[in-house]
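Engineer: need a structure here:
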Amino acid sequence: MLEMKYMHAILNLRPNALFSVIENNYDSLEWLDTEQTKPTKSEIDSELLRINDELKLVEIRTKRNELLINTDKYSLTDYPHATDEIRQDWLTYRQDLRNITNNLDLSVITLEFDSLNNIQINNLTFPNAPA
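Structural biologist: Numbers count the residues shown, from 1 in each chain. Got it, this is the predicted structure:
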């Protein structure tokens, strides 16, 4: 599973802070900064969730945008659809794609690298394109 590291969360919370973190957990955090206070475990955990949710949304929107770009031609008023029903199916599909980020439960969505090092979005079903 693709996850942000403690280091990223700490740097977001305390830019330019001096610290070391070895095992990607709070117990391994050594705070060396005398100018900034050490963030709490709760602060770091909250920031990790925020960053991970943001990353999930970026990946979802990227995939959604690719699917929209690949189907742009079907939304053109002069595209020769066989029937008005098929045209409407494409318009509905594209609207469903645009709505994909509405009311998401990001806590169940995970990201991981596939065998080709592409990011795979798990536990989210994208709409199916019309046949």
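Engineer: show me where pLDDT drops low in this structure?
Structural biologist: Across the chain, residues meeting the criterion (pLDDT under 70) sit at 1-4.
Engineer: Contact partners for the residue nearest the centre of it?
Structural biologist: For the chain, Lys56 is the residue whose C-alpha lies nearest the centre (CA atoms, centre = their mean; 1.5 Å). Each residue near Lys56 by CB atoms under 8 Å, 6 or more residues apart in numbering is listed here: 106, 109, 111, 121. (Each C-beta comes from the backbone N, C-alpha and C, glycine too.)
Engineer: Take the residues you listed and keep only those in strands.
Structural biologist: Under the assignment DSSP state E, these contribute 111, 121 to strands.
Engineer: hang on, the earlier thing: A helix includes the residue nearest to the centre of the chain, no?
Structural biologist: Yes: using DSSP: H, G, I helix; E, B strand; the rest coil, the assignment for Lys56 is a helix.
Engineer: do you know how far it is from Leu32?
Structural biologist: Distance, Lys56 to Leu32, using CB to CB, to the nearest Å: 32 Å.
Engineer: now swap in Leu49 and tell me
Structural biologist: 25 Å.
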